[in-house]
Structure formats: C-alpha cells, structure tokens
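Colleague: Coordinates for the following, if possible.
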Amino acid sequence: MNIQLIDNLQMLWVFLNTEANTGNIVDDGDHYFIKPDALYLGVYEDKRLVGVHEVRAFWHSVVECHAIYAPGFRGKYALEGHRRFCRWLLANSTFTNSITLVPDTTRYGRTLIRLLGASRVGHLDDAYLSNGKPVGVTLYQLTRTQYEELAHVSAHRAV
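Modeller: Okay, the predicted model is just below:
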C-alpha cells in the first residue's frame, strides 16, 4: 500500500466515476464532481488506484475529508489506508480538526468513520438531492489528537 498525491486526473476521474467504487453517491447519468480546491491522495496497490482521500479547507483550521475505496479494499485495508492518510495529513497540514459528511444512504462510510473513533457532531436533513430525492448527511469530526493517535497505532504496526 502506497499513498501519494494523484497526478493523473484521468485516472482519478475514472476511479471516481466507476459505480462499484462510488455506489450511490453519484446519480445515474451524472459524474463525481472533482473539486478544484481539493487535494486528492491516491491509495495504490502496486500501480493500481484502489482508494482516494479527498481533503480541502472547510473553515479556519478545520479540513473536510472524504475517502472512497474500491470493493475488495474496504474493511481492514481501508482502515490501514486511513491511518496512513492520518500520517500524511499530520505531516502536511496544521489543521486542528477534520469533518466528514456521511450520506444517510451510505452504510460503509458510517461504519468506517465509527471505527476510526470519530464523534458525531450533527445531522443535516435534505443536504442534497440524489436521483431527485432529498438525502440527509451526518457530520463527524476527528481532532488532530485523534489523528496523532491513529498515526501512532499505524507506526507501531509497521515496526
């Protein structure tokens, strides 16, 4: 497993617009919106892109983070990918807190964010429309200290 900035936007676009990867977060006939103010880190297995971490400024020193992993690279693999992302973000940002928004229709994201130890901070009803229907999102936070703890666990496993 290797994590690095994605320099091939075509590879990123293909990954984020593969239904098996993004499931129900992209409407039928639509495409994933690649945000111009975000950084995209790829999780690679050999040269194959198997996961993406999106990170951008949210508010002051809070960053917004989202992760998408391909089927077969979820569960324990994605948990380790998140730990490596934690180390990368700690080394490359002075953030104090992170936020992620998990759609009510996404079970996988809710499970993984809880495994990471994130705290639920709220819920937005009707946050966006998906296939013409309103979908809510739950907001979760991870503090910098939690990132340090997750990175520490990962570092000890690598030894």
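
Colleague: Buried residues, the helix with the most length in the chain. List them.
Modeller: Criterion DSSP state H: the longest helix present in the chain is helix 76-92. By neighbour count on 16 or more other CB atoms under 10 Å, the buried set for helix 76-92 is 77-89. (Glycine included, C-beta is placed from N, CA and C.)

Colleague: Need the max-distance pair from those residues.
Modeller: The distance between the two most remote of the buried residues of helix 76-92 (CB to CB) is 18.6 Å, for Y77 and L89.

Colleague: for this protein, what spans make up the helices?
Modeller: Going by DSSP H, the chain shows helices at 9-16, 19-22, 76-92, 107-115, 144-158.

Colleague: that older thread, could I get the buried residues of helix 76-92 in JSON lines, plus columns for pLDDT and distance to T105?
Modeller: Formatted as JSON lines, the buried residues of helix 76-92 follow (pLDDT from 0 to 100; distance: CB to CB, whole Å):
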{"residue": "Y77", "pLDDT": "93", "distance to T105": "23"}
{"residue": "A78", "pLDDT": "92", "distance to T105": "18"}
{"residue": "L79", "pLDDT": "90", "distance to T105": "22"}
{"residue": "E80", "pLDDT": "93", "distance to T105": "26"}
{"residue": "G81", "pLDDT": "94", "distance to T105": "22"}
{"residue": "H82", "pLDDT": "92", "distance to T105": "21"}
{"residue": "R83", "pLDDT": "92", "distance to T105": "26"}
{"residue": "R84", "pLDDT": "95", "distance to T105": "27"}
{"residue": "F85", "pLDDT": "95", "distance to T105": "24"}
{"residue": "C86", "pLDDT": "94", "distance to T105": "26"}
{"residue": "R87", "pLDDT": "95", "distance to T105": "30"}
{"residue": "W88", "pLDDT": "96", "distance to T105": "29"}
{"residue": "L89", "pLDDT": "97", "distance to T105": "27"}
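
Colleague: so what pLDDT did A155 get?
Modeller: pLDDT recorded at A155 is 52.

Colleague: Which other helices and strands does the longest helix of the chain contact?
Modeller: strand 2-5, strand 39-45, strand 48-59, strand 62-69, helix 107-115, helix 144-158 (3 or more CB pairs under 8 Å, 6 or more residues apart in numbering; DSSP states H and E).

Colleague: Out of those, which is closest to Y32?
Modeller: strand 62-69 (8.6 Å).
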